[in-house]
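Enquirer: have a look at this prediction, sequence included:
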Amino acid sequence: MAFVDKMVTNFISDKAKIGKNVSVWHFAYVGDNTELGDNVSIGSLAHIDYDVKIGENTRVEGSVYIPPLSRIGKNVFLGPAAALTNDPYPMCEKMVGVTIEDGVIIGARAVIKAGVTIGKNSVVAMGAVVTRDVPENVVVMGSPATIRKTREEYDKKKKEWLES
Ligand SMILES: CC(C)(COP(=O)(O)OP(=O)(O)OC[C@H]1O[C@@H](n2cnc3c(N)ncnc32)[C@H](O)[C@@H]1OP(=O)(O)O)[C@@H](O)C(=O)NCCC(=O)NCCS
């Protein structure tokens, strides 16, 4: 029915700090004191809780879950339904955020343990369960995720695929 289109909406807290040219798609949620840098894009049904920081040019795909205290850098890609966590032993009032450094790529439905840091330019494969810190410039896969490639190898394979 036509009126349904007019009800499509999202929620962005008045206390959130939103940069220039930011897109927040349908039914996404952005909580209090969260900061979205310039050119950030947030997909439909994404849940970005309070006290989260996301750097410029980062793309958050649909259904991603980002809990309070998460720190996400610039030029990051968070694939569909990726889940960051902040409570290792629910339900507990003590929380610790995940840190995702600049240039990281997180595949679809990957899960990141509370307190883990994903190093600059690393890649987390789709479906990976990341239980430990990941160094810079590597590709991790599996559950629990282990290092399987370098970022250089990933970039080479991507280039070959684009040119094929
Ligand atoms: C990590 C990734 C880049 C690896 O791709 P790739 O280099 O082409 O890997 P290949 O398909 O050649 O597989 C290499 C090996 O890794 C395994 N593998 C690939 N992806 C895997 C994954 N997500 N989890 C576990 N193992 C994986 C393969 O089974 C294969 O194992 P084998 O050597 O024992 O046969 C890719 O799987 C991935 O996760 N891409 C992200 C996709 C995504 O989420 N996009 C979001 C937007 S839609």
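Expert: Noted; the coordinates are in hand.
Enquirer: ranges for the helices of this structure?
Expert: All helices of the chain, identified by DSSP state H, fall at 2-7, 151-163.
Enquirer: residues contacting the residue most central in space within the chain?
Expert: Computing the C-alpha centroid of the chain and ranking residues by CA atoms, centre = their mean puts residue 78 first, at 3.8 Å. In this structure, residue 78 makes contact with 58-61, 64, 66, 72, 100, 106, judged by CB atoms under 8 Å, 6 or more residues apart in numbering. For every residue, glycine as well, the C-beta is placed using N, CA and C.
Enquirer: and if we set it to 7 Å?
Expert: Contact partners of residue 78, counting by CB atoms under 7 Å, 6 or more residues apart in numbering, are 59-61, 64, 106.
Enquirer: next: residue 45.
Expert: Contacts of residue 45 by CB under 7 Å, 6+ apart are 27-28, 62-63.
Enquirer: repeat that with 10 Å
Expert: Contact analysis of residue 45 by CB atoms under 10 Å, 6 or more residues apart in numbering lists 10, 25-29, 61-65, 80-81.
Enquirer: equivalent analysis for residue 95, please.
Expert: Taking CB under 10 Å, 6+ apart as the contact definition, residue 95 lies against 51, 67-69, 85-88, 114-115.
Enquirer: now it. Nearest residue, chain neighbours left out?
Expert: When the adjacent residues along the chain are set aside, residue 95 lies closest to residue 86, with 4.4 Å between them (CB to CB, 6 or more residues apart in numbering).
Enquirer: low-scoring stretches of this protein, by residue?
Expert: Counting by pLDDT under 70, the low-confidence segments of the chain come to 1-8.
Enquirer: which residues of it lie near the ligand?
Expert: Proximity of the chain to the ligand, by CB under 6 Å from any ligand atom, involves residues 79-80, 107-108, 125-127, 139, 141-142, 154, 157.
Enquirer: let's go with 8 Å and repeat that
Expert: Proximity of the chain to the ligand (CB under 8 Å from any ligand atom) is limited to residues 61, 77, 79-80, 105-110, 123-128, 139, 141-142, 148-149, 153-154, 157, 161.
Enquirer: burial count for residue 135?
Expert: Other residues within reach of residue 135 by the criterion other CB atoms under 10 Å amount to 12.
Enquirer: measure it to residue 123 for me?
Expert: Spatial separation of residue 135 from residue 123 under the definition CB to CB, to the nearest Å is 12 Å.
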